[in-house]
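Chemist: What follows is a predicted protein model with its sequence.
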Amino acid sequence: MNAGSDTGEGPVATAVTRISAPVEDVWRVLVAVDQYAQWHPVLSLDAKPEQVVTGAEIPGRRSGGGAAEQDVILRILEVEAPRRLVWEGGSLDAILGRHSFVLTAQPDGTTEFTDSEEFFGAAAAELIPALDQLSEEYSRYGAALRARVEDGLTPAG
């Protein structure tokens, strides 16, 4: 069931969202990390799109949602434009999350956006009861991304 996971070692939360836009348009919004605060329900990042490269560390803040406000550092692990972005944050001493975003072009010109996070670390197993709730949160993030992309396609005027 977790076929998208690279290792299959940790619990995984996944949500899939259909976006009425080509992959390239969705990718542009996904990597415009400096704009996240304008549309993402809980995440604001302090970087420019050109900084979204393998090995980069992107500082940010997570607020709202079920967790307390916290500073985060996201390490970019993979960038395969315009199809796949993977970052991780946290620590193996507690919980390390490896978050992947996969964009798949559909025959009708839309994009299937898959948002998954696999958890590792000393406390990762504690997340198992919350995986459904996390998947619902990721569905909310996907809906916010969809709204941002699709609203951006509306002609001005």
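Modeler: Here it is on my side, so go on. Numbering: from 1, shown residues only.

Chemist: all strands in the chain, in order from the N-terminus.
Modeler: 12-19, 43-45, 57-62, 70-80, 84-90, 96-105, 111-120 (DSSP state E).

Chemist: can you list those in a markdown table and add mean neighbour count, mean pLDDT and distance to Ala144?
Modeler: Backbone N, C-alpha and C define where each C-beta goes, glycine included. Output for those, formatted as a markdown table (neighbours: other C-beta atoms under 10 Å; pLDDT from 0 to 100; distance: least, C-beta to C-beta, whole Å):
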| stretch | mean neighbour count | mean pLDDT | distance to Ala144 |
| --- | --- | --- | --- |
| strand 12-19 | 19 | 97 | 9 |
| strand 43-45 | 19 | 94 | 10 |
| strand 57-62 | 16 | 94 | 14 |
| strand 70-80 | 15 | 96 | 18 |
| strand 84-90 | 19 | 97 | 16 |
| strand 96-105 | 19 | 97 | 13 |
| strand 111-120 | 21 | 97 | 11 |
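
Chemist: So for Arg146, which of those sits nearest?
Modeler: strand 12-19 (4.6 Å; C-beta to C-beta).

Chemist: Among the strands of the chain, which comes closest to Ala37?
Modeler: Closest approach to Ala37 among those (C-beta to C-beta): strand 43-45, 3.6 Å.

Chemist: Can you list the strands that the closest one pairs with?
Modeler: Note on strand 43-45: by DSSP bridges, its sheet partners are strand 57-62 (antiparallel).

Chemist: now the angle between strand 70-80 and the partner strand, please.
Modeler: For strand 57-62 against strand 70-80, the angle by axes from the mean of the first three to the mean of the last three C-alpha atoms, to 10 degrees is 130 degrees.

Chemist: what's the angle from strand 57-62 to strand 84-90?
Modeler: 70 degrees.

Chemist: distance between strand 57-62 and the chain's centre?
Modeler: 13 Å (C-alpha atoms, centre = their mean, to the nearest Å).

Chemist: With stretch 127-142 instead?
Modeler: Mean-position distance between stretch 127-142 and its chain equals 12 Å (C-alpha atoms, centre = their mean).
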